[in-house]
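Trainee: Show me the folded form of this:
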Amino acid sequence: MLKLEELRKEIKGEIFVQEDMAKHDIKKVTGVADILVKPSGKKDLAKVLQLLRKSRFPYVVINRKGRVLFPEDRYHGVVIVMD
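Mentor: Sure thing, here's the model as predicted:
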């Protein structure tokens, strides 16, 4: 199981809970993410992915230019946004 406290402790990037993705200038993506992570770099991303894989928590990685369609305007998992 993913522990938000562990995620916050392990990475330097930003973490948002129940976050509207429109607030983050992600083009063509709308909806609410249960957890939205903005890693501070590649090492941070590697830590996030390691924790998510270990916990078997669903995730998707997108960039600000990407187009991702979320069923029912909601993704039940972690959304990782890369510049």
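
Trainee: need the longest strand for the chain.
Mentor: strand 74-82 (DSSP state E).

Trainee: Sort out which residues of the lengthiest helix in the chain are buried, please.
Mentor: Using DSSP state H to define each element, the chain has its longest helix at helix 42-55. Residues of helix 42-55 classed as buried: Asp44, Leu45, Lys47, Val48, Leu49, Leu51, Leu52 (neighbour count, 16 or more other C-beta atoms under 10 Å). All C-beta spots, glycine's among them, are computed from the backbone N, C-alpha and C.

Trainee: Can you pull out the low-pLDDT segments for the chain?
Mentor: For the chain, the stretches flagged by pLDDT under 70 are 28, 66-73.

Trainee: try 90
Mentor: 1-3, 21-31, 49, 53, 56-83 (pLDDT under 90).

Trainee: the inter-axis angle of the longest helix of the chain versus strand 74-82?
Mentor: Interaxial angle, helix 42-55 versus strand 74-82 (axes from the mean of the first three to the mean of the last three C-alpha atoms, to 10 degrees): 150 degrees.

Trainee: Now the element after helix 42-55, going C-ward?
Mentor: Note on helix 42-55: by DSSP states H and E, the next helix or strand toward the C-terminus is strand 59-63.

Trainee: what's in contact with that following strand?
Mentor: 26, 29, 45, 49, 52, 68, 75, 77-83 (C-beta atoms under 8 Å, 6 or more residues apart in numbering).

Trainee: 6 Å instead?
Mentor: With contact meaning C-beta atoms under 6 Å, 6 or more residues apart in numbering, strand 59-63 is reached by Leu52, Val68, Gly77, Val78, Val79, Ile80, Met82.

Trainee: quick one: which of these has the most company?
Mentor: Neighbour counts for the contacts of strand 59-63, by other C-beta atoms under 10 Å, peak at Val79, which reaches 25 neighbours.

Trainee: what are the bridge partners for that residue, then?
Mentor: Leu36, Val60 (DSSP bridges).

Trainee: Go ahead and confirm it touches Ala33.
Mentor: Yes. Val79 is within contact range of Ala33, at 4.0 Å (criterion: C-beta atoms under 6 Å).

Trainee: Columns distance to Val17 on top of the buried residues of helix 42-55, output as a markdown table?
Mentor: What follows is the buried residues of helix 42-55, written out as a markdown table (distance: C-beta to C-beta, whole Å):
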| residue | distance to Val17 |
| --- | --- |
| Asp44 | 18 |
| Leu45 | 19 |
| Lys47 | 18 |
| Val48 | 15 |
| Leu49 | 19 |
| Leu51 | 16 |
| Leu52 | 15 |
